[in-house]
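Undergrad: got a sequence here, can you build the structure:
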Amino acid sequence: MTTKNLNGFRIEGAVALVTGANRGLGRHFARQLLNRGAARVYATARRPETIDLPGVVPLRLDVTDEAQVLAAAAAATDVTLLVNNAGVSHSTYFLTTDPAAIRAEMETNFWGTLAAVRAFAPALAANGGGAILNVLSAQSWHAYPGTNGYHATKAAQWALTNGVRLELPGTLVTALHLGAVDTDFSAGYDGPKGDPAEAVRAGLDGIEAGAAEVLADEWSKHVKRSLAEDPTRLYDEIRAGMV
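TA: Alright, predicted model coming up:
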């Protein structure tokens, strides 16, 4: 399911930068971008030596480190597609978890995304506008015990994505929402998990179609529809799934 915005973005020949590209969804993004004919893919990670995908250009990038963000932007001035994939979840509860852990989630998921957008926006504009794909979550729209801090960060990141879309009218800004997928990130989750390659494929198809928002799976579609209903129903479903 997609919501159309601008004209589609052509991946073939594009220059992409993917944050958190050493594993999980980020590695899938980098591989699929190469397979779709991207001219160059900058694969970033806090430890670039862990990036083992042939054909990419490794870059050091911790999105919570302003100096590293600016250095990456200076090194990759040819970028036409920014994929904000880096994210963390520290299994947080609002009432009992050390607030520092929740702040750390916000530093990466919200502030890190904003830092990357601000740093690369000039290059995108100089290179014709380009596109930004922000990897969000079905948890942009619902809480879940043990990931409530993550939920707050993804809700904030959704708001950030919508705001940036208005502030960068010449750039396609796309939100990718997905439920749990089978990567290291969700290793502690015992529920059903989707195929990460399929979620990435949906996101890249979405930007090529000019989508403002992509719902990669049935759970994301269900949760988005539920926003127009009494939230009691959704949270009864969530509680039932926890038993």
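Undergrad: excluding covalently adjacent residues, which one is nearest to Arg40?
TA: Excluding the flanking residues, the one nearest Arg40 by Cβ to Cβ, 6 or more residues apart in numbering is Val15, at 4.6 Å. Heads up, the C-betas are built off the backbone N, CA and C, glycines and all.
Undergrad: so who does Ala101 touch?
TA: Contacts for Ala101 (Cβ atoms under 8 Å, 6 or more residues apart in numbering) come out as 90, 92, 149.
Undergrad: tell me what the longest helix seen in the chain is packed against?
TA: With DSSP state H applied, the helix covering the greatest number of residues in the chain is identified as helix 148-167. Applying 3 or more Cβ pairs under 8 Å, 6 or more residues apart in numbering; DSSP states H and E, one finds that helix 148-167 contacts helix 99-106, helix 113-126, strand 131-135, strand 172-177.
Undergrad: got those as TSV, with mean pLDDT and distance to Pro48 columns?
TA: What follows is these, written out as TSV (pLDDT from 0 to 100; distance: least, Cβ to Cβ, whole Å):
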stretch	mean pLDDT	distance to Pro48
helix 99-106	98	22
helix 113-126	98	16
strand 131-135	98	20
strand 172-177	98	24
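Undergrad: Leu204: which of these is closest?
TA: Of all the helices and strands packed on helix 148-167, it is strand 131-135 that lies closest to Leu204, at 7.8 Å by Cβ to Cβ.
Undergrad: which parts of the closest one are buried?
TA: For strand 131-135, a neighbour-count test (16 or more other Cβ atoms under 10 Å) marks 131-135 as buried.
Undergrad: in the protein, which spans are strands?
TA: 2-4, 15-18, 40-45, 57-60, 81-84, 131-135, 172-177, 211-215 (DSSP state E).
Undergrad: return the alpha-carbon coordinates of the fourth one using PDB.
TA: This points to strand 57-60. Extracted in PDB, the C-alpha atoms of strand 57-60 (Å, rounded to 0.1, in the frame of the first residue of the first chain):
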ATOM      1  CA  VAL A  57      31.800   2.400  -0.500                       C
ATOM      2  CA  PRO A  58      32.200   2.000   3.300                       C
ATOM      3  CA  LEU A  59      32.000   5.100   5.400                       C
ATOM      4  CA  ARG A  60      32.200   5.600   9.100                       C
END
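Undergrad: list the helices and strands it packs on?
TA: For strand 57-60, the packing partners by 3+ Cβ pairs under 8 Å, 6+ apart come out as strand 40-45, helix 66-75.
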